[in-house]
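Peer 1: structure, please.
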Amino acid sequence: MKKCFLISCLAGLAFCDSSFQLDPSKTEINFALHDTLHTVHGSFKLKRGGIHFDPATGKAGGEVVIDLPSGASGNGWRDKRMQKEVLESQKYPEAIFVPDSVQGRLETEGESQLNVHGVFKIHGADHEMTLQLLVDALGGGRYTATSHFSIPYVEWGMKDPSNFVLKVDKKVEIEIKAAATAR
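Peer 2: Numbering: from 1, shown residues only. Here you go, the predicted structure:
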């Protein structure tokens, strides 16, 4: 009887925790920064990422790590300035999102909407944020997730690249399209 109870408890634990590994080769992290003349578009690469959460309690863990030196907009001069003066990527080479809770129900088929709360670590500081994710279950333990959010980079201590001719928005728009596999 004790043996059956123990096996039941262990089996239950296996279904309590949902764990996902992000695929850097199939994940896109795009940014848009508006200025007085046009909008600058670019991208960053995902270095690594994984998240796990307990659907019963909402408690989460893991990390999503963005490779800041990979940031590129297609203009070498602008990218060099972004890396050196704004991101200071030699000093702060990663931006890391560390989830601590998930709200919503992850469906095994079709779409789900989840709110993932955590801390976004960038430029030597921690910032609380909640990412709204639209998750699509593709089958076979494969998922895609998209999210759009703004980063008020000047408010968060990064340099404003504006000058007397060019006025740049004080926030950058981020769009993530991630591919993940259940572990």
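Peer 1: CA atoms for contacts and neighbours, from now on please.
Peer 2: OK.
Peer 1: can you pull the pLDDT of residue 4?
Peer 2: Residue 4 is assigned 36 on the pLDDT scale.
Peer 1: what does the one 10 residues further on give?
Peer 2: We note a pLDDT of 37 for residue 14 in this prediction.
Peer 1: not counting its own residues, what contacts the helix or strand residue 130 falls within?
Peer 2: Assigned by DSSP states H and E, residue 130 belongs to strand 125-139. For strand 125-139, contacts defined as C-alpha atoms under 8 Å, 6 or more residues apart in numbering pick out 106-121, 143-149, 156.
Peer 1: now intersect these with the strands, please.
Peer 2: Using DSSP state E, the subset of those located in strands is 110-121, 143-149.
Peer 1: quick one: low-confidence parts of the chain?
Peer 2: 1-16 (pLDDT under 70).
Peer 1: could you pull out the helices in it for me?
Peer 2: 2-16, 76-81 (DSSP state H).
Peer 1: which ones are touching the nearest residue to residue 153 once chain neighbours are set aside?
Peer 2: Spatial nearest neighbour of residue 153, excluding adjacent residues (C-alpha to C-alpha, 6 or more residues apart in numbering): residue 171 at 5.6 Å. By C-alpha under 8 Å, 6+ apart, residue 171 lies in contact with 33, 150, 151, 152, 153, 154.
Peer 1: tally of neighbours for the first one?
Peer 2: Residues near residue 33, counting by other C-alpha atoms under 10 Å, number 16.
Peer 1: quick one on the thing from earlier: dump the contacts of residue 171 into TSV; add distance to residue 17 as well.
Peer 2: As requested, these are exported to TSV (distance: C-alpha to C-alpha, whole Å):
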residue	distance to residue 17
33	37
150	30
151	30
152	33
153	34
154	37
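Peer 1: ok, of these, which come out buried?
Peer 2: Neighbour counting by 16 or more other C-alpha atoms under 10 Å classes 33, 151, 153 among the contacts of residue 171 as buried.
Peer 1: of all those residues, which comes closest to residue 182?
Peer 2: Checking these against residue 182 with C-alpha to C-alpha, the nearest one is residue 151 at 28.5 Å.
Peer 1: what bridges to the nearest residue to residue 174 once chain neighbours are set aside?
Peer 2: Spatially, and ignoring its direct neighbours in sequence, residue 174 is nearest to residue 31 (4.6 Å; C-alpha to C-alpha, 6+ apart). Residue 31 has these beta-bridge partners by DSSP bridges: residue 42, residue 174.
Peer 1: now do residue 48
Peer 2: Beta-bridge partners, per DSSP bridges, of residue 48: residue 65.
Peer 1: which residues touch it?
Peer 2: Each residue near residue 48 by C-alpha under 8 Å, 6+ apart is listed here: 22, 23, 24, 64, 65, 66.
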